[in-house]
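Asker: pasted the sequence and its predicted model underneath.
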Amino acid sequence: MTVSDQETYDDQFDDVPWADPAIRERYEAALGRLILAYNDVDLHLTRLIEECQRKLGDPKHLKKLATGSFIERWDNVRMLRAILPDMPLLQGIDFKELHELNELRNIVAHGHFEQNPFQGDYELITRKQRHDDFSAERLDNITGRLNAQAEALKVSVWFDDLEDLDDA
């Protein structure tokens, strides 16, 4: 393509209404906030398991409870709760919410962002389906829910540490 051909090519698209690039930028920022919030939940779920293990005397055969995927550790906490229903550390955990938030995170973390270059609408494409309902506002709402769960997990561990100080 010569320089004059390039100018003709560019000129023919000058009046095309392109989607605002800020749409993707807002989505990227919201996704980043969501991933950071999820990682906070993920870390504190592990810390909760480790604190349970410490309370139980650090039995070697329970070390693997704090490893594995999020859903494996989530299930391990559910089992600990079933075995130790009176352990204060395990009270108030919203298992249903944590499971749902994990599923939502998986959609947005693994979904391909496909934006219409003209209208600006977009969808997330996963192996199983297409999602057109993950706006930046929805991602921020999910982030708020994740932050609430992270705080609940942190507080549970922190208060348990304070109870240990009272016992000393």
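Answerer: Sure thing, it's come through. The structure presented is a predicted model; accordingly, all values stated were derived computationally and were not measured. Numbering: from 1, shown residues only.
Asker: the strands in the protein, which residues?
Answerer: Per DSSP state E, the chain carries strands over the ranges 112-115, 122-125, 130-131.
Asker: what does the last one contact?
Answerer: Right, the one you point to is strand 130-131. 107, 111, 123, 124, 125 (CB atoms under 8 Å, 6 or more residues apart in numbering). For glycine as for every other residue, the C-beta is placed from the backbone atoms N, C-alpha and C.
Asker: try 10 Å
Answerer: 104, 107, 108, 111, 112, 114, 122, 123, 124, 125 (CB atoms under 10 Å, 6 or more residues apart in numbering).
Asker: run a quick neighbour tally on the residue nearest to residue 37 when sequence neighbours are not counted.
Answerer: Among residues not flanking residue 37 along the chain, residue 146 sits closest, at 3.7 Å (CB to CB, 6 or more residues apart in numbering). Residues lying near residue 146 (other CB atoms under 10 Å) number 26.
Asker: likewise for residue 30?
Answerer: Residue 30: 21 neighbours (other CB under 10 Å).
Asker: you'd agree it is up against residue 113?
Answerer: No: when contacts are counted by CB atoms under 10 Å, residue 30 is not listed as touching residue 113 (11.3 Å).
Asker: now the strands of the chain in a markdown table, with mean pLDDT and distance to residue 83?
Answerer: Rendered in a markdown table, the data for the strands of the chain read as follows (pLDDT from 0 to 100; distance: least, CB to CB, whole Å):
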| stretch | mean pLDDT | distance to residue 83 |
| --- | --- | --- |
| strand 112-115 | 86 | 41 |
| strand 122-125 | 91 | 38 |
| strand 130-131 | 94 | 37 |
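Asker: most tightly surrounded among those?
Answerer: strand 122-125 (a mean of 17; mean count of other CB atoms under 10 Å).
Asker: output that one as PDB, nothing but the C-alphas.
Answerer: The C-alpha trace of strand 122-125 is given here as PDB (Å, rounded to 0.1, in the frame of the first residue of the first chain):
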ATOM      1  CA  TYR A 122     -19.400  -5.800  25.100                       C
ATOM      2  CA  GLU A 123     -19.700  -9.300  26.400                       C
ATOM      3  CA  LEU A 124     -17.600 -11.800  28.300                       C
ATOM      4  CA  ILE A 125     -17.000 -15.000  26.400                       C
END
